[in-house]
Structure formats: C-alpha cells, structure tokens
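Visitor: give me coordinates for this.
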Amino acid sequence: MKIAVFNDYRVGIVDGEQLFDVTSAFPALLQDLPKQRINWMIAHWDEMKGKLEQAKKSAAAVAIAGVTLLPPNPGAGHVFAAPANYQKHIGELGDRAVTKAGRTAREQGFFLMAPGSMVGAGGAILIPKGSSRRFDHESELAVIVGRAGRNIPRSQAMDYVFGYACLIDATMRIEPGVGEEERSMRKSFESFTPVGPYLVTADEVPHPGALQNRLWVNGELKQQANTKDMIVGIAELIELISSVLPISPGDVIASGTPEGVGPFKPGDVVKIEIESVGSMTLPVRECEERAPRAY
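Guide: Now for the predicted structure:
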C-alpha cells in the first residue's frame, strides 16, 4: 500500500496517479492532532489496514497533481541518520568532512535531524537568504519504523520495519576555520529533509537491501548507487539505534548517502528516485526573509 499525507494533513491511499481520501477511517480524537494520524495508523496497523481499505471503496478519487503532498509521516518522533554509510562516499568531502578518516556508521553510530526539518514532495528546499555557504544534496532511503522496541538484535530487526520512502538530506557544509557548526544543526534547517512522495509499506518492497538509488540536479545525474552497497544495512542500523534508546512507530531512519554528493543553489531542481519506492522532484529556493542570525 502507498499512503500519502496531503493538504491539511489528510491521509490518502495512492493508486496510480490518483489518491483516495481515507481520513474518515481515523478516530475523531485525531482531528485536533492531525500530524499524529500516521503514528496512530502504524501503531494500530492490524486494526487500521482493513478500515483504510474499506474507506477507499467509498472515497472519491482525487488527482495527485491537484493536491499538496506533505511528508508521509509529519509527526515522526525521531529522525535518525547514518553517517558515512557508503564506502565510496567516505572522504569525498575532503576538509569539509566531519567523520574521521576510516570511520563509518558502524563506529560513529547515528545522529539526529530535527523532525521539523521535514518537507513533502509538494514543497521546496529553502536556502537561507543571502547565504554564501555551500549546500549539498544527499540521496537516501528512508526506513519507517513499525513497532516499538529496545535492544533489538539484527536477526529480528526487519520485523520492526513498517515501510519506506525517499529522503533527501540537504546539508550546509562546514567551512574549516570559519563555520564548523554541529552536524545535526546544519542538516535541520526548515525544509532540509524532503521525504516522500509516499509511505510505501514493506510488503511492496521485498528487497530493500538491493534498490537502485539515483538523484539528479537540473536533469543531470549526480548520485547513483544501490542499497546493497551500504556498509551498515537496515537491520544493523535498527540494532544500533535501539541499543541506545527505544524506537517508536513512525520514527524515520535515513540510511545514509552514496557517493556523488554535491552542491545545489536557488533556482535548481532536485529529483530523487529509489526503485520500488518512488520519485519526487523539488525546486530549490531562497528564503524570503533573512534570519536574524544569518548563515
């Protein structure tokens, strides 16, 4: 099943180029907490799956082109991210790299990105107004957690996956000696974590460890790899994260970027496509206002 969040946090089931609004299947108590609908759905999936399928039968079809797609889980409690998780990416940033040479996600662990940095396929990547810093694209598979757990061994970890989405990790790079902010902050500007276009349930992605992952800037292919090239696979990432703190339904795991990371600027258009998961295209724009603390 492909599940979309759109407009004012309504929920739809995607079928081809159309979606069916199934928001009526959710409890009324969530009307005041619309961002939490997907967390609720995932946590109550055994009950909700049938309700969604039933609601689809009576729902009118809406053209996807006529709605604004939001992040497929706008209320995610955590956005975990894996650094240095493709061998060919390690070292390509030169003196802008913050992971020590020879270290990978296995040694470094994970870092966090602000959930508020997420934007959907209907949004844009916003660059700070007037900035002279370098901003890069990173093309990643997002894993959506399906069950709460702690200390999960990798042999059981895939049972905790609900689904997948495409994720672009936009990053403000450090400038050695000038700007060397914390990694989590540099990746947490508003709109710096595009996720989407939909949440694709795990049953539709039978081989998540062997997916083509590509990203284009202005139609030029910049990143191309396969998730089989990840140093730390999905199961080990879940083991690693859950060894530190509990994971919860709806949490998002950005599984790391392959080589080809590079800059983009206002006026560019970025497209990501991951096999069996989908594709989305977002424009890059400059923020309308200059922040009181400019970057």
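Visitor: tell me where the stretch 1-150 of the chain has helices.
Guide: Using DSSP state H, counting those that start in this stretch, the helices found in the stretch 1-150 of the chain span residues 37-43, 45-58, 105-108.
Visitor: CA atoms only for whichever strand or helix holds residue 240, dumped as PDB, please.
Guide: Here residue 240 is covered by helix 234-242, with elements defined by DSSP states H and E. Output of helix 234-242 as PDB, limited to C-alpha atoms (Å, rounded to 0.1, in the frame of the first residue of the first chain):
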ATOM      1  CA  ILE A 234      18.900  -1.700   7.600                       C
ATOM      2  CA  ALA A 235      18.800  -4.500  10.200                       C
ATOM      3  CA  GLU A 236      22.100  -3.500  11.700                       C
ATOM      4  CA  LEU A 237      21.000   0.200  11.800                       C
ATOM      5  CA  ILE A 238      17.900  -0.800  13.800                       C
ATOM      6  CA  GLU A 239      20.100  -2.900  16.200                       C
ATOM      7  CA  LEU A 240      22.500   0.000  16.600                       C
ATOM      8  CA  ILE A 241      19.800   2.700  17.300                       C
ATOM      9  CA  SER A 242      17.700   0.500  19.600                       C
END
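Visitor: run through who's touching it.
Guide: The contact list for helix 234-242, computed with CB atoms under 8 Å, 6 or more residues apart in numbering, reads 80, 82, 105-106, 109-110, 143, 145, 149-155, 157-158, 160-161, 208-209, 232, 247, 253, 255. Every C-beta, even on glycine, is put in place using the N, C-alpha and C of the backbone.
Visitor: mean neighbour count, the helices of the stretch 1-150 of the chain: which tops it?
Guide: helix 37-43 (a mean of 22; mean count of other CB atoms under 10 Å).
Visitor: returning to what we had before: can you list the helices of the stretch 1-150 of the chain in JSON lines and add mean pLDDT and distance to residue 25?
Guide: Formatted as JSON lines, the helices of the stretch 1-150 of the chain follow (pLDDT from 0 to 100; distance: least, CB to CB, whole Å):
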{"stretch": "helix 37-43", "mean pLDDT": "98", "distance to residue 25": "9"}
{"stretch": "helix 45-58", "mean pLDDT": "97", "distance to residue 25": "4"}
{"stretch": "helix 105-108", "mean pLDDT": "89", "distance to residue 25": "37"}
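Visitor: flag the shaky bits of the stretch 101-250 of the chain, pLDDT-wise.
Guide: Scanning the stretch 101-250 of the chain for pLDDT under 70 picks out 101.
Visitor: which residues of it fall in strands?
Guide: Using DSSP state E, counting those that start in this stretch, the strands of the stretch 101-250 of the chain run over residues 111-113, 118-119, 125-127, 135-137, 139-145, 161-168, 171-172, 193-201, 212-217, 220-226.
Visitor: so which of those gets nearest residue 286?
Guide: strand 125-127 (5.2 Å; CB to CB).
Visitor: quick one: residues in contact with the closest one.
Guide: Taking CB under 8 Å, 6+ apart as the rule, strand 125-127 contacts 119, 135, 168, 170, 189-192, 194, 264-266, 270, 282-287.
Visitor: note down every partner strand of it and its orientation.
Guide: strand 278-286 (parallel) (DSSP bridges).
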